[in-house]
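Asker: Build me a model:
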Amino acid sequence: MLTNLNRRETDWREVAQAFTRPAMAALAQSGCSDALRRRLTAAGLDEVEHRPLPELLGDAFRGLQRHYRCEYVYKASITDRVIFGRHSPRTASLHVELPVGRSIVDLAVYNGHSTAYEIKTELDTHRRLASQTPDYLRAFERVFVVTHPRWVDRYRTVLDERVGILALQPGGSLTEVRPPVADADRLDPSALFRLLRGAEYRSALERRFGPQPNMANGRQFQHFSRLWNSLSVIEAHDIVEASLRARTTDAATVSWVQQLPQSWRVLGYATPLSQVRRQRLLNALL
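Answerer: Have a look, this model is predicted:
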């Protein structure tokens, strides 16, 4: 377990660096946990060298929950409660920091529907919401802002009424303070189209309209964009939902994230790794 240190103060900002993409990627590349353990030792954690790494990361994460509720704490908690609690990684797809219009949504979930989660910790301000939420409302059926319980009233007053509010409780549970207005009819087909990769929109539109000619990338985008605009909003959303859900619900990805320590699962979705590096990382966690 994580000890209460009397000799030195724990640097929780430094501990948080163990929960980043570079930290996961470095472990996957080297297959050795020494650098990660040195980081946690330097941050002031005790009993680092001889403890199993998943146990160590779990205790470090619980320390962050108590002492330094950074954005990662929110992301990991939402992942745990929504993907591995309410739904299943086999049927619900998670996307971390997904570009949407001019914004980047913190978490997006596709599970037959589409939901955006924008995180505003107690360390954040609400200034960017004026540009972020319109982008999300054009691309997702449901939009939530997730914040600290004491900032709920602030967001009630500044948010578009169609945006729901979730409060992240100290123990990691989520309380729905205000439900979102779920509405696929308000979505913007062009915003949906830009969420797709070329292979995804080509495959979907060929199923709908038949085989299409090969052409240069720029002309291909314009050609398929014209076909896309002939779809109804509901058809367009259904294609996007199915395409993005398929990205992370394949058997290999599901097996990978399920084998990760609970505190690192959201990193598994966020960090692109080859199958070889995934296995190297899992071996290093043993």
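Asker: For the nearest residue to residue 209 once chain neighbours are set aside, grab phi and psi.
Answerer: Among residues not flanking residue 209 along the chain, residue 227 sits closest, at 5.8 Å (CB to CB, 6 or more residues apart in numbering). Where you see a C-beta, it was placed from the backbone N, CA and C, and this is true even at glycine. Residue 227 has phi and psi values of phi -60, psi -40 when expressed as degrees, to the nearest 10.
Asker: same check, this time on residue 83
Answerer: The phi/psi pair for residue 83 (degrees, to the nearest 10) is phi -80, psi -40.
Asker: Does it touch residue 91 like I think?
Answerer: No: the pair residue 83 / residue 91 is not scored as a contact, 9.6 Å apart, by CB atoms under 8 Å.
Asker: Compare neighbour counts for these two and give me the winner.
Answerer: A side-by-side neighbour count of residue 83 and residue 91, using other CB atoms under 10 Å, places residue 83 first with 23 against 13.
Asker: any idea how the chain splits into domains?
Answerer: As recorded under automatic domain parsing, the domains making up the chain are 12-69+251-285, 93-178, 189-248.
Asker: Could you export stretch 91-100 as CSV, CA atoms only?
Answerer: Extracted as CSV, the C-alpha positions of stretch 91-100 are listed here (Å, rounded to 0.1, in the frame of the first residue of the first chain):
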residue,chain,number,x,y,z
THR,A,91,-19.2,-3.2,-27.4
ALA,A,92,-18.3,0.3,-26.4
SER,A,93,-15.5,2.2,-28.1
LEU,A,94,-13.4,4.8,-26.3
HIS,A,95,-11.4,7.6,-28.0
VAL,A,96,-9.0,9.8,-26.1
GLU,A,97,-8.5,13.4,-27.3
LEU,A,98,-10.4,13.0,-30.5
PRO,A,99,-10.3,16.1,-32.9
VAL,A,100,-13.8,17.5,-33.5
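Asker: Give me the buried positions along it.
Answerer: Across stretch 91-100, burial judged by 16 or more other CB atoms under 10 Å covers 92, 93, 94, 95, 96, 98, 100.
Asker: Which of the helices or strands spans the fifth one?
Answerer: Pointing back at residue 96 there. Counting by DSSP states H and E, the element that carries residue 96 is strand 93-100.
Asker: so what strands line up beside the next helix or strand after that strand?
Answerer: Where DSSP H and E defines the elements, the next helix or strand beyond strand 93-100 is strand 103-110. As defined by DSSP bridges, the strand partners of strand 103-110 come to strand 93-100 (antiparallel), strand 114-120 (antiparallel).
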